[in-house]
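J.: Based on what follows, work out the 3D shape:
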Amino acid sequence: MNDAGWVPVAPPGVGHLRGGRPFPQEAADALADATLRSNLTGATTRIRAKRDAAVAEVPDWEQLRAAGAAIKDDVLAHLDTYLLQLEEQVTARGGTVHWAADAVEANRIVVDLVRAAGADEVVKVKSMATQEIGLNEALAAAGVAPIETDLAELIVQLGDDWPSHFLVPAIHRNRTEIRDIFRRAMPGADPDLPDEPAALAEASRRYLRARFLAADVAISGANFAVAETGTLAVVESEGNGRMCLTLPRTLVTVMGIEKLLPRWTDLEVFMQLLPRSSTAERMNPYTSFWSGATEGQDFHLVLLDNGRTATLADHAGRAALRCIRCSACLNVCPVYERVGGHAYGSVYPGPIGAVLSPQLTGIGSNATLPFASTLCGACYQACPVAIDIPTMLVHLRERAVAAGAEPIAERAAMRVMAWLMTSPRRWGAGLAALRAG
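T.: Numbers count the residues shown, from 1 in each chain. Here you go, the predicted model:
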């Protein structure tokens, strides 16, 4: 239940929204890892520069941000209506819609669908929602092998690791580490595989191609779903999504209920905001749309709550559900750059994770995360749907203190400020004022 005691939150003991230790303890270990900090600094610096250039090309970027925020707020205000409309449209087009109140129910639904299809292996794409609910573990317990097909997700899976970024889940690894993971854990990999990017990509391509051709079931996430037409959308850069979405005989999509857009024309806004904010591209190389079932393929859509209704119930915190998982806030955050994603203990790291995870789980399970910030405001400026993360962090800090988490929360805040004040980097007027004061 949430802090008010009446709206269910994501259940404990399943999925990946709660860390084993508080943020200050995890962050202290991360700060001691010089290789990690070097990997993160290099990657986020490059991503920021590319994104800034891509956004600068759009003269009406601020108007697009405002439009994106307004559309998502309309969804949140009328979520019940749009979800029923989506179900009606998907069903009319031959798909089957399943409603999952939490991670336990979602995992049961998907495992039952895979078993019904007679599959012992599935290919996966856009895996963030399934990581949230711990689907890979549930599949493995049922005797089904999940194969991640996004290159970075594959690196993480083969390395028995955990994602630390939305866009670049293996951002904490350098290419030498990736080579070693492939040599050790990728079936059929050349024992003398070099660490050249082209060679690593080719090794993964050869491995995954056989998995695509053999798979009877694919499991995907979704970037967007259009209530008006029942259309699902996946945008990606590697082509693996297209293979997953089209080749297997059964397609199961697990999607958070907040991923809705009301109308087909709303995609015009988000197809400009998302690629520039995430991959710094004008458009994604692969954009796939489908509405219901297609010829020769069964389609199932699992609509996931898992604490989203609890988040919606908080008027001061619900804007976190606008998030389109672009990762722009992670790439500008001075805290994330120094500690990486694992320190947050959730599949949703960085500034957005610091406000989203505590709401999905209830503040008591993630009381230190709202303090993992300097309130410099860089995340708000970068967010393509204008989520006011700093204001939301203050709101959640108040809730954490009210829930009795004040001592550990204060220590978290003090440690975060100490990290940033010893850094030669400068992060906006807000942080400069804090240093001066």
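J.: Now do the contacts for the nearest residue to Thr41 once chain neighbours are set aside.
T.: The shortest distance from Thr41 to any non-neighbouring residue, by C-beta to C-beta, 6 or more residues apart in numbering, is to Glu337 (6.0 Å). Every C-beta, even on glycine, is put in place using the N, C-alpha and C of the backbone. For Glu337, the contact set (C-beta atoms under 8 Å, 6 or more residues apart in numbering) comprises 40-41, 44.
J.: Now for these, which sits with the most neighbours around it?
T.: Taking other C-beta atoms under 10 Å as the neighbour criterion, Leu40 ranks highest of the contacts of Glu337 with 24 neighbours.
J.: So which residues of the stretch 51-200 of the chain form strands?
T.: Under the criterion DSSP state E, counting those that start in this stretch, the stretch 51-200 of the chain contains strands at 96-100, 121-125, 145-148.
J.: Buried deepest among those, which one?
T.: Most buried of these, by mean neighbour count (mean count of other C-beta atoms under 10 Å): strand 121-125, with a mean of 24.
J.: Name whatever forms a beta bridge with Phe289.
T.: With DSSP bridges as the criterion, Phe289 is bridged to Ala233.
J.: Sorry, wrong one. I was asking about Val302.
T.: Beta-bridge pairing for Val302 (DSSP bridges): His98, Val254.
J.: Pretty sure it sits against Gly256.
T.: No. The criterion here is C-beta atoms under 8 Å, and Val302 misses it with Gly256 at 10.1 Å.
J.: and Ser237, which of the strands of the stretch 51-200 of the chain is closest to it?
T.: Ser237 sits nearest to strand 121-125 of all the strands of the stretch 51-200 of the chain, at 11.5 Å, using C-beta to C-beta.
J.: what helices or strands is that closest one leaning on?
T.: strand 145-148, helix 197-214, strand 217-220, helix 240-246 (3 or more C-beta pairs under 8 Å, 6 or more residues apart in numbering; DSSP states H and E).
J.: To Pro163, which of the ones you listed lies closest?
T.: Of all the helices and strands packed on strand 121-125, strand 145-148 sits nearest to Pro163, with 9.6 Å by C-beta to C-beta.
J.: For the closest one, name the packing helices and strands.
T.: Strand 145-148 sits against strand 121-125, helix 135-141, helix 151-158, with contacts defined as 3+ C-beta pairs under 8 Å, 6+ apart.
J.: pLDDT of the shortest one, averaged?
T.: Mean pLDDT, taken over the full extent of strand 121-125, equals 98.
J.: Tell me which residues are up against that strand.
T.: Applying C-beta under 8 Å, 6+ apart, the set of residues contacting strand 121-125 from outside is 114, 130, 136, 139, 144-150, 153, 208, 211-212, 214-215, 217-221, 234, 236, 240-241, 243-245, 248.
J.: List only buried entries from those residues.
T.: Buried members of these, scored by 16 or more other C-beta atoms under 10 Å, are 114, 130, 136, 139, 144, 146-150, 153, 208, 211-212, 215, 217-221, 234, 236, 240-241, 243-245, 248.
J.: after the one helix or strand the residue nearest to Thr41 maps to, next one along is what?
T.: Counting by DSSP states H and E, the element that carries Glu337 is helix 334-339. Downstream of helix 334-339, the first helix or strand assigned by DSSP H and E is helix 350-361.
J.: Mind listing what's buried along that next one?
T.: Neighbour counts over helix 350-361 (16+ other C-beta under 10 Å) mark 350-361 as buried.
J.: quick one: Ser373 from Cys333, how far?
T.: According to C-beta to C-beta, to the nearest Å, Ser373 stands 8 Å off from Cys333.
J.: Find the residues that touch each one of those two.
T.: 351, 379.
J.: For the stretch 301-437 of the chain, just list every one of the helices.
T.: In the stretch 301-437 of the chain, the helices defined using DSSP state H, counting those that start in this stretch lie at 308-312, 328-332, 334-339, 350-361, 378-382, 389-402, 406-421, 428-436.
J.: The fifth one packs against which elements?
T.: When you say that, I think you mean helix 378-382. Contacts defined by 3+ C-beta pairs under 8 Å, 6+ apart place helix 378-382 against helix 328-332, helix 350-361, helix 389-402.
J.: what mean pLDDT does the second one have?
T.: In this case it means helix 350-361. 97.
J.: go on, the last one?
T.: Helix 389-402 carries an average pLDDT of 94.
J.: Check the first one too.
T.: Looking at helix 328-332 alone, the average pLDDT works out to 96.
J.: what packs against it?
T.: Packed against helix 328-332 by the contact rule (3+ C-beta pairs under 8 Å, 6+ apart) you find helix 34-56, helix 350-361, helix 378-382.
J.: Check which residues of the shortest one are buried.
T.: Which is helix 378-382. Buried residues in helix 378-382, defined by neighbour count with 16+ other C-beta under 10 Å: 378-380, 382.
J.: what about the closest residue to Asp190 other than its chain neighbours, how many residues close to it?
T.: Of all residues not flanking Asp190 in the chain, Ala203 sits nearest, at 6.9 Å (C-beta to C-beta, 6+ apart). By other C-beta under 10 Å, 20 other residues sit near Ala203.
J.: what sits against Ala203?
T.: With contacts defined as C-beta under 8 Å, 6+ apart, the neighbours of Ala203 are 182, 186, 189-190, 193.
J.: try 6 Å
T.: 182, 189, 193 (C-beta atoms under 6 Å, 6 or more residues apart in numbering).
J.: Could you measure from the first one over to Leu151?
T.: When distances are taken as C-beta to C-beta, Phe182 and Leu151 turn out to be 11 Å apart.
J.: Correct me if wrong: Arg93 contacts Gly230.
T.: Yes. Judged on C-beta atoms under 6 Å, Arg93 makes contact with Gly230 at a distance of 5.4 Å.
J.: These two: which is more packed in?
T.: Between Arg93 and Gly230, counted using other C-beta under 10 Å, Gly230 has the larger neighbour count: 23 against 16.
J.: Quick check: nearest residue in space to that one, chain neighbours excluded?
T.: Gln89 (2.8 Å).
J.: Kindly tell me how buried the one you found is, as a neighbour count.
T.: 20.
J.: now do Gln63
T.: Gln63, neighbours per other C-beta under 10 Å, totals 11.
J.: And it, how far from Glu137?
T.: Computed with C-beta to C-beta, the distance linking Gln63 and Glu137 is 43 Å.
J.: Same check on Pro24?
T.: For Pro24, the distance to Glu137 equals 27 Å [C-beta to C-beta].
J.: Please identify which of these two sits among more neighbours.
T.: Each of Pro24 and Glu137 has its neighbours counted (other C-beta under 10 Å); Pro24 has more, 19 against 15.
J.: Would you list the phi and psi of that one?
T.: phi -60, psi -40 (degrees, to the nearest 10).
J.: pLDDT score for it?
T.: pLDDT, the model's per-residue confidence, is 91 for Pro24.
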